[in-house]
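Peer 1: give the three-dimensional model of this entry:
(one chain, ligands or ions: 1)
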Amino acid sequence: MEKGGIRHVVAVGSGKGGVGKSTATALLATELRRRGLTVGILDADITGPSIPKLLGLTGPLVDRGEGIEPSASRTGISVVSSQFMVEDEQTPVIWRGPLVTRLITQFFGSVHWGKLDYLLIDMPPGTSDVPLTVFQTIPIDGMVFVLTPQDLAALIVKKAMNMARELHVPLLGLVENMSFLNCPHCGERIELFGTGKVAKIAAEYGIPVLGQIPVAPPISGLSDQGRLDEHQGPEVGALADAFVRSVDEATKGQTTVL
Ligand code: ADP
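Peer 2: From the prediction side, this is the model:
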């Protein structure tokens, strides 16, 4: 498939679920958008689609003749998700693998994304059918991995990283979520789950740690209200800077005709 008017396609994955992959994807999109860039999110996490909830979006998806129209957040992030195809938040998509993979392929090829600087793909956790399809059919520039500093998250993310590497997808870097907590009373930085693991994995794979996101009540609060794109913080700014650098580095020498 062709990238069309999309400058960069980047997958965001994790090993385990619940580490904040969707949160990191939405925060990254938010910060890139804040800089005036055009950003879309393809929510490929079919069994646990979270992006619509985080950004306060609902369906349905419509086709006005140029392809399926993405839904747009208040701040202008374009989103396509399987969540827009079901009646309510509790209804699951119970589809067999081939149907799911066809849907993801359509989310890329049959959606009228228009011109985008970045399309982020919120991948399902793990190493199933869907990541395989994404790697084999969508022209992605690279992949970013989200993990927490806990042993289990660190262990399982390596499976996803090894899968990407085996399929020749450039590993762009790691995002450490829930790295620390700033005490609201004394400001002390508390490292809830320890330190050092993420840096060690980054060194092992020869890739950068792109950023560290703290456990922050405003992040979960805004997520619950569907307004995560209002969040602003120095850590997310630094993450976006490192992300842009890493994508530029990985795609150096490539020309995209927009
Ligand atoms: P995943 O996509 O990896 O399954 P989510 O992004 O859905 O994980 O996050 C899981 C839960 O943890 C959500 O309720 C989210 O609001 C919360 N969460 C994630 N990251 C943070 C953070 N840095 N601070 C506070 N809450 C967070």
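Peer 1: isn't residue 97 right up against residue 124?
Peer 2: No - checked against C-beta atoms under 8 Å, the pair residue 97 and residue 124 is beyond contact range at 11.7 Å. All C-beta spots, glycine's among them, are computed from the backbone N, C-alpha and C.
Peer 1: okay, the two: which has more neighbours?
Peer 2: residue 124 (23 against 12; other C-beta atoms under 10 Å).
Peer 1: give me the nearest residue to that one, chain neighbours excluded.
Peer 2: Excluding its sequence neighbours, the residue lying closest to residue 124 (C-beta to C-beta, 6 or more residues apart in numbering) is residue 45, at 4.6 Å.
Peer 1: quickly find the element holding that neighbour.
Peer 2: Under the criterion DSSP states H and E, no helix or strand holds residue 45.
Peer 1: state the distance from it to the ligand.
Peer 2: 7 Å (C-beta to the nearest ligand atom, to the nearest Å).
Peer 1: likewise for residue 146?
Peer 2: From residue 146 to the ligand the distance is 6 Å (C-beta to the nearest ligand atom).
Peer 1: give me the neighbour count for that residue.
Peer 2: Counted with other C-beta under 10 Å, residue 146 comes out at 30.
Peer 1: same question for the one 5 residues further on.
Peer 2: Taking other C-beta under 10 Å as the neighbour definition, residue 151 ends up with a count of 11.
Peer 1: wait, isn't it in contact with residue 197?
Peer 2: Yes - taking C-beta under 8 Å as the definition, residue 151 is a contact partner of residue 197 at 7.2 Å.
Peer 1: looking at the protein, which residue lies furthest from center?
Peer 2: residue 186 (32.7 Å; C-alpha atoms, centre = their mean).
Peer 1: doesn't that one lie inside a helix?
Peer 2: No - assigned with DSSP: H, G, I helix; E, B strand; the rest coil, residue 186 falls outside any helix and is coil.
Peer 1: show the contacting residues for it.
Peer 2: Contacts here follow C-beta atoms under 8 Å, 6 or more residues apart in numbering; on that basis residue 186 touches nothing.
Peer 1: distance of it from the ligand?
Peer 2: Applying C-beta to the nearest ligand atom to residue 186 and the ligand gives a distance of 19 Å.
Peer 1: between its first and last residues, how far does stretch 119-138 reach?
Peer 2: 11 Å (C-alpha to C-alpha, to the nearest Å).
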